[in-house]
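In: sequence and computational prediction follow.
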Amino acid sequence: MQRNTKIVATLGPSSSDPDTIERLIRAGINVVRLNFSHGTADDHRRRVATLRECMSGLGRTVGIMADLQGPKIRVGKFAGSKVLLKAGQQFTLDVECDLGDSERVGLDYPELVRDVKPGDVLLLDDGRIVFDVTDVEETEVICTVRHGGELSNNKGINRQGGGLSAPALTAKDMEDIRVAAEMNVDLVAVSFPKSGADMRLARELLQAAGSDALLIAKIERAEAIPALEEIILACDGIMVARGDLAVEVGDAAVPALQKRMIRMALQLNRLTITATQMMESMISNPSPTRAEVSDVANAVLDGTDAVMLSGETASGNYPVQTVEAMARICLEAEKFAEVTLHREFLDRVFTRIDQSIAMAALFAAFHLKVKAIAALTQSGSTALWMSRLNCGVPIYALTPDIRTRYKTSLFRGVFPLMMHQYKEMDRDEVLRDAECVLIESGAAQPGDLILLTIGEPIGKSGGTNTLKIVRIGEQWDTLAAGNM
């Protein structure tokens, strides 16, 4: 049984050697994440080179996503690397402090003194430690510890309810976009965007660097929620980044927000990745908790394109076992995914010929129970539109474009296959080549009924205008066709 939901795995110290990367590919990863918050550009280059070598040897398609650090606001360093804070004590965030102690610590974000006021609540280390702001001076934010604990070097700071003015793209992010473009990555994730303008700027920088990578907005600020539709429309997909988001809006609000974000992205023909602590316990344990199993399954049933692993594969003790467990959970959950084509069609308006062909293909495939849908595509758009709805039939993106092959690796229910460059081929030759690719890959066999979408004239991007239903192994007799 093929798995429709894709798995994104972060590469790190536990998963950078060729043997582990090869085992991760065999276990079922579809996209690797390079976390630009950690490591150097050369570290990431080495991982990409190793991945591509392993992919070549295995004949697999694995996309590459560069995840920008963004304006993560952090405390500085302590003289002893950490301190123990007790409830009720006073503690100061001091812009001018070099090495912290039990009374104060430095900041990497001097603007915090202008962004907060007495009465604000600050959450540190993903909400494990809580400060009440009691006073703000020129270079200091004076706080009372509400919930204490161990605070160590470089832990993050959030303001409850959001409202920090840090820009989404830092100087480091701009340089990292150039590095990502140089490495020819397939996706770039932008951390902490607050508006569509943030994503449009990222797109401009990415294109200026010579990259056409897909752009993913990480929704993790409270300010992003009112601007959600604007942000989604300005990018190619979103990541439901539940860590910082939960700290800013409250953990109880996140499950409903997750469903809302995935539903909106699907309706707007965008991609979704669900992330943060999905299999967190497997960093140190060989099996997941029952709650983690339910969490992954719930995201699958929500319709997410992909589920993501962070520390579990980057620094955990069981990276391969974690991917194997996540794959099993996704497969089991997908057995219960609801097919809602009739209801979904009622709420959609199709204004483009190629999009109308894609929707007609889903409807026909569902009712005729074909073995597969083959979307012959230059850009991947037809396959993307088809993947927004569940018709219960696997979709194969047949493309001569190597970039499209890797981009479509994230699309739910879409399996990319390479074809010959067909700009100079006639239609029958292209269709025969498509049949051979499907048979060689095991996607179909002689006698199977399949559905194809193609654009005529051949090779024109964005020109899908023909739907054909054929039986593998027979002449290309059209059982049903539409030319528009």
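Out: Nice, thanks for sending it over.
In: check contacts around residue 456.
Out: Each residue near residue 456 by CB atoms under 8 Å, 6 or more residues apart in numbering is listed here: 427, 463, 465, 466, 483. The way it works is simple: take the backbone N, C-alpha and C, and place the C-beta from them, glycine included.
In: for residue 428, see how far away it is.
Out: According to CB to CB, to the nearest Å, residue 456 and residue 428 sit 12 Å apart.
In: and for residue 79?
Out: Using CB to CB, residue 79 is found at 75 Å from residue 428.
In: what do you get for residue 165?
Out: 60 Å.
In: so how far is stretch 392-400 from its chain's centroid?
Out: Computed by CA atoms, centre = their mean, to the nearest Å, the chain-centroid distance of stretch 392-400 equals 20 Å.
In: flag the shaky bits of the chain, pLDDT-wise.
Out: Regions of the chain meeting the criterion pLDDT under 70 cover residues 1, 340-349, 422-426, 457-462, 475-484.
In: so the residue nearest the centre of the chain is in which element?
Out: When CA atoms, centre = their mean is applied to the chain, the residue found nearest the centroid is residue 273 (3.7 Å). If you go by DSSP states H and E, residue 273 is part of strand 271-275.
In: on contacts alone, who are the packing partners of that strand?
Out: Here strand 271-275 touches strand 214-219, strand 237-241, helix 254-267, strand 306-309, going by 3 or more CB pairs under 8 Å, 6 or more residues apart in numbering; DSSP states H and E.
In: list the buried residues of whichever helix or strand comes after it.
Out: Sequence order places helix 290-302 as the next helix or strand after strand 271-275, per DSSP H and E. The neighbour-count check on helix 290-302 (16 or more other CB atoms under 10 Å) flags 292, 293, 295, 296, 297, 299, 300, 302 as buried.
In: list just the nearest of these to residue 247.
Out: Checking those against residue 247 with CB to CB, the nearest one is residue 295 at 17.7 Å.
In: who does residue 122 bridge with?
Out: Beta-bridge pairing for residue 122 (DSSP bridges): residue 131, residue 159.
In: what about it, distance to residue 299?
Out: 30 Å.
In: number of residues surrounding residue 135?
Out: 13 (other CB atoms under 10 Å).
In: give me the nearest residue to residue 212, chain neighbours excluded.
Out: What sits nearest to residue 212 in space, not counting adjacent residues and going by CB to CB, 6 or more residues apart in numbering, is residue 403, at 6.8 Å.
In: same question for residue 46.
Out: The spatially closest residue to residue 46, leaving aside those adjacent along the chain, is residue 16, at 7.3 Å (CB to CB, 6+ apart).
In: how near is the one you found to residue 75?
Out: 28 Å.
In: and these two? Which one has more around it.
Out: Set side by side, residue 16 and residue 75 show more neighbours around residue 75, with 25 against 17, by other CB under 10 Å.
In: ok, for that one, nearest residue in space, not its chain neighbours?
Out: Distance criterion CB to CB, 6+ apart; nearest residue to residue 75, sequence neighbours excluded, is residue 105 at 4.7 Å.
In: bridging residues for that neighbour?
Out: With DSSP bridges as the criterion, residue 105 is bridged to residue 93.
In: contacts only, for it.
Out: Taking CB under 8 Å, 6+ apart as the criterion, residue 105 is in contact with 75, 76, 77, 78, 83, 91, 92, 93, 94, 97, 151.
In: of those residues, which is the most crowded?
Out: Counting neighbours by other CB under 10 Å, residue 93 leads the contacts of residue 105 with 27 neighbours.
In: circling back to that earlier point, for the residue nearest to residue 46, phi and psi?
Out: Main-chain dihedrals, residue 16, degrees, to the nearest 10: phi -110, psi -10.
In: surely it meets residue 47?
Out: Yes. With contacts counted by CB atoms under 8 Å, residue 16 reaches residue 47, the gap being 5.3 Å.
In: please name the residues that touch residue 130.
Out: By CB under 8 Å, 6+ apart, the neighbours of residue 130 are 121, 122, 123, 124, 145, 146, 147.
In: mind redoing it with 7 Å?
Out: By CB atoms under 7 Å, 6 or more residues apart in numbering, the residues touching residue 130 are 121, 123, 146, 147.
In: now it: how far from residue 298?
Out: To residue 298, residue 130 is 28 Å away according to CB to CB.
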